[in-house]
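S.K.: Attaching a predicted model along with its sequence, questions to come.
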Number of protein chains: 4
Amino acid sequence: MHETELRVRYEETDQMGVVYYSNYLVWFEVSRAEYIRSLGTSYKEFERHGVNIVVAEAYCKYELPARYDDIIIIRTNLTEVRSRSLKYTYKVLRKVDRKLLASGYTAHVFVGRNGKPVKIPRWVLGYIKKKN
Amino acid sequence: MHETELRVRYEETDQMGVVYYSNYLVWFEVSRAEYIRSLGTSYKEFERHGVNIVVAEAYCKYELPARYDDIIIIRTNLTEVRSRSLKYTYKVLRKVDRKLLASGYTAHVFVGRNGKPVKIPRWVLGYIKKKN
Amino acid sequence: MHETELRVRYEETDQMGVVYYSNYLVWFEVSRAEYIRSLGTSYKEFERHGVNIVVAEAYCKYELPARYDDIIIIRTNLTEVRSRSLKYTYKVLRKVDRKLLASGYTAHVFVGRNGKPVKIPRWVLGYIKKKN
Amino acid sequence: MHETELRVRYEETDQMGVVYYSNYLVWFEVSRAEYIRSLGTSYKEFERHGVNIVVAEAYCKYELPARYDDIIIIRTNLTEVRSRSLKYTYKVLRKVDRKLLASGYTAHVFVGRNGKPVKIPRWVLGYIKKKN
């Protein structure tokens, strides 16, 4: 489990006065990147070695609105590791009162430089297993 | 069923050379707005009368990447109408070959000016029933 | 001179109830792409041939706010063509009353696949001169 | 002078492999918010008291591309304070080598709840003068 913090940007709000719904998926991505960094590597390193992770599915359930200037915590878990795919789950919390704002998941597949699905490389699995 | 067309913007791509995944949710919103317009009203009209529709859930399954300058068709259906909630389903197609790029759904609840859930107003239901 | 139309997306608004200021630069890009299409080619074609046009400068003056669901006209002019650079100017109008919402410009340089500045290729100039 | 740090998000890149140009304006906004926070108040506080600051002009000059996962420093200065307007200037640096990636400015006017321009309230000036 990994926690990432960010602060809501004005750009992320909409005229309802709350964070526009697609931004939670951006936050999921930010938190995935930090999750991978916490393993001792980075998604940038993956790409440098020709390993791309593409999104196959994304889901978000919205409980309470995030608002401008809120500090947000994203709790990220890698809940499934298969030979060619990964699944992350997320909880989005408002820091000040630890209220759950949203939860969701993303499923991913690994592709090579040519865009074709590949098995998760051993060296990537090495990083994942250190943590899990 | 309603179809909306849009062209992929450079801004919507990412360094993988494809459309970044959260933008599909933006396209879902564009297509919902056009769906409501096809009923003879508009979401702007709803808000003017104090009717806000908030997103409760969003899901997207990614099949093939959308790319810069592609013309995209979003096929939208209102598949569920309850007393306080709605559900839309979407198919995202590439116009040139009608390939399915993504599919998904969003669930919505109605809230009043104070943010509390309300029943779908009769006049709104009137527009919905004309079509369905 | 070229005119492009688009409709303001909910995603483009912010909690002030108007379009967030950086989105005008996205609209400038959409209108540049349509300008190039009106020449009989496309920016996608440019990139396919290894011609990338990068932004060197961007300026926008905001007169009146664009709002959700407004139909917007972007009037685009290619006002300067040098051996290695271009300049576009823009006027953003609200369609319903032709009021000026914003105006601005962007300056661009041509770079090759390696990211180094290059002269504007002859074949690209050919398209530009047809119009101007 | 105030410095804010942020990390480039995947969402902010485009298919040229660099940060899309409008995102620098989003970063300017993030840095303005942190500048105001460094004065001992916040833009959220301003809005709570009916003080809105709208953007009148924005300019950005792009020197070197920001890339995914880069840590970015935004150096913000409040360079002009008039009775009804403000001007900020920005320098965007890559943290690792302190290279200048972009510079720019934004000009702002104060408006009341009704959207009409107003003089900068005394209590807001109080915060500004503490620093400058």
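M.R.: Yep, that arrived. Numbers count the residues shown, from 1 in each chain, chains lettered A, B, ... in the order given.

S.K.: lowest-pLDDT helix or strand in chain A?
M.R.: Within chain A, no helix or strand scores below helix A:122-131, which has a mean of 88 by mean pLDDT, DSSP states H and E.

S.K.: In that helix, which residues are buried?
M.R.: Residues A:124, A:127-128 are the ones in helix A:122-131 that count as buried (16 or more other Cβ atoms under 10 Å in any protein chain shown). All C-beta atoms are positioned from the backbone trio N, CA, C, and that covers glycine.

S.K.: Same check on stretch A:9-20?
M.R.: Of the residues in stretch A:9-20, A:9-16, A:18-20 count as buried by neighbour count, 16+ other Cβ under 10 Å.

S.K.: how far does that stretch stretch from start to finish?
M.R.: The straight-line separation of the ends of stretch A:9-20 (Cα to Cα, to the nearest Å) is 11 Å.

S.K.: can the longest helix belonging to chain A be found next to chain C?
M.R.: Assignment by DSSP state H gives helix A:23-38 as the longest helix of chain A. No - Helix A:23-38 does not reach chain C (Cβ under 8 Å from any Cβ of the partner chain); its nearest approach is 8.8 Å.

S.K.: Using PDB, write down the CA coordinates of that helix.
M.R.: Taking Å, rounded to 0.1, in the frame of the first residue of the first chain, the C-alpha atoms of helix A:23-38 are listed here in PDB:
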ATOM      1  CA  ASN A  23      -9.400  14.200 -13.000                       C
ATOM      2  CA  TYR A  24      -9.700  11.300 -10.600                       C
ATOM      3  CA  LEU A  25      -8.200   9.100 -13.300                       C
ATOM      4  CA  VAL A  26      -5.300  11.600 -13.700                       C
ATOM      5  CA  TRP A  27      -4.800  11.300  -9.900                       C
ATOM      6  CA  PHE A  28      -4.800   7.500 -10.200                       C
ATOM      7  CA  GLU A  29      -2.000   7.800 -12.700                       C
ATOM      8  CA  VAL A  30       0.000  10.200 -10.500                       C
ATOM      9  CA  SER A  31      -0.400   7.700  -7.600                       C
ATOM     10  CA  ARG A  32       0.600   4.700  -9.800                       C
ATOM     11  CA  ALA A  33       3.800   6.600 -10.700                       C
ATOM     12  CA  GLU A  34       4.600   7.200  -7.100                       C
ATOM     13  CA  TYR A  35       3.800   3.600  -6.200                       C
ATOM     14  CA  ILE A  36       6.300   2.400  -8.800                       C
ATOM     15  CA  ARG A  37       8.800   4.900  -7.500                       C
ATOM     16  CA  SER A  38       8.300   3.500  -4.000                       C
END
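
S.K.: how about the longest strand seen in chain A: buried residues?
M.R.: The longest strand of chain A (DSSP state E) is strand A:99-111. Neighbour-count burial for strand A:99-111, counted by 16+ other Cβ under 10 Å, picks out A:101-111.

S.K.: Single out whichever of the residues you listed has the smallest pLDDT.
M.R.: Among those, A:Val111 carries the lowest pLDDT, at 93.

S.K.: Can you give me every residue that contacts it?
M.R.: Neighbouring residues of A:Val111 by Cβ atoms under 8 Å, 6 or more residues apart in numbering or on different chains: A:52-54, A:117-118.

S.K.: could you redo the last one with a cut-off of 6 Å?
M.R.: With contacts defined as Cβ atoms under 6 Å, 6 or more residues apart in numbering or on different chains, A:Val111 is in contact with A:52, A:54, A:117.

S.K.: Run through the bridge partners of A:Pro117.
M.R.: Note on A:Pro117: beta-bridge partners by DSSP bridges are A:Val111.

S.K.: Next, count neighbours for it.
M.R.: Neighbour count of A:Pro117, defined by other Cβ atoms under 10 Å in any protein chain shown: 12.

S.K.: Identify the residues contacting it.
M.R.: A:Pro117 is in contact with A:84, A:109, A:111, counting by Cβ under 6 Å, 6+ apart.

S.K.: Go through those and name the one nearest chain C.
M.R.: A:Val111 (21.4 Å; Cβ to the nearest Cβ).

S.K.: Tell me which residues touch A:Gln15, please.
M.R.: By Cβ under 6 Å, 6+ apart, the neighbours of A:Gln15 are C:13, C:17, C:68.

S.K.: returning to what we had before: next, the angle helix A:122-131 makes with the longest strand of chain A.
M.R.: Here strand A:99-111 runs at an angle of 150 degrees relative to helix A:122-131 (axes from the mean of the first three to the mean of the last three Cα atoms, to 10 degrees).

S.K.: Let me know the angle separating strand A:99-111 from helix A:23-38.
M.R.: Angle, strand A:99-111 to helix A:23-38, by the same axes, to 10 degrees: 70 degrees.

S.K.: for the residue sitting furthest away from the middle of chain A, phi and psi?
M.R.: The C-alpha centroid of chain A is most remote from A:Gln15, which lies 25.8 Å away (Cα atoms, centre = their mean). The phi/psi pair for A:Gln15 (degrees, to the nearest 10) reads phi -70, psi 0.

S.K.: Find me the pLDDT at it, would you?
M.R.: You'll see A:Gln15 listed with a pLDDT of 97.

S.K.: From B:Leu64, how far off is it?
M.R.: Distance from A:Gln15 to B:Leu64, counting by Cβ to Cβ, to the nearest Å: 33 Å.

S.K.: and A:Pro121, what does it touch?
M.R.: If you count contacts by Cβ under 6 Å, 6+ apart, A:Pro121 has them with A:Val51.

S.K.: Kindly recompute the last result at 10 Å.
M.R.: For A:Pro121, the contacting residues are A:46, A:49-51, A:110, A:112, by Cβ atoms under 10 Å, 6 or more residues apart in numbering or on different chains.

S.K.: What's the PyMOL line that selects buried ones from those residues?
M.R.: Per 16+ other Cβ under 10 Å, the buried members of these correspond to this PyMOL selection:
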select buried, chain A and resi 46+51+110
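
S.K.: how about the residues of chain A near chain C?
M.R.: A:9-23, A:67-68 (Cβ under 10 Å from any Cβ of the partner chain).

S.K.: Can I get the longest strand of chain A in PDB, CA atoms only?
M.R.: The C-alpha trace of strand A:99-111 is given here as PDB (Å, rounded to 0.1, in the frame of the first residue of the first chain):
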ATOM      1  CA  LYS A  99     -13.300  11.200   4.500                       C
ATOM      2  CA  LEU A 100     -13.500   8.800   1.500                       C
ATOM      3  CA  LEU A 101     -14.100  10.900  -1.700                       C
ATOM      4  CA  ALA A 102     -13.800   8.200  -4.300                       C
ATOM      5  CA  SER A 103     -12.500   4.700  -4.900                       C
ATOM      6  CA  GLY A 104     -11.700   2.800  -8.000                       C
ATOM      7  CA  TYR A 105      -9.400   0.500  -9.900                       C
ATOM      8  CA  THR A 106      -7.400   0.300 -13.100                       C
ATOM      9  CA  ALA A 107      -6.400  -2.800 -15.000                       C
ATOM     10  CA  HIS A 108      -3.200  -2.700 -17.200                       C
ATOM     11  CA  VAL A 109      -1.500  -4.800 -19.800                       C
ATOM     12  CA  PHE A 110       2.200  -4.700 -20.800                       C
ATOM     13  CA  VAL A 111       3.100  -4.000 -24.300                       C
END
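
S.K.: Show me which residues of chain A are close to chain B?
M.R.: Along chain A, the residues adjacent to chain B under the rule Cβ under 10 Å from any Cβ are A:14-18, A:20-29, A:47, A:52-63, A:65, A:102, A:104-109, A:111, A:115.

S.K.: mind redoing it with 6 Å?
M.R.: A:21-22, A:25-26, A:55-62 (Cβ under 6 Å from any Cβ of the partner chain).

S.K.: Between those, which sits nearest D:Gly40?
M.R.: Nearest to D:Gly40, judged by Cβ to Cβ, of the residues of chain A next to chain B is A:Val26 at 30.1 Å.
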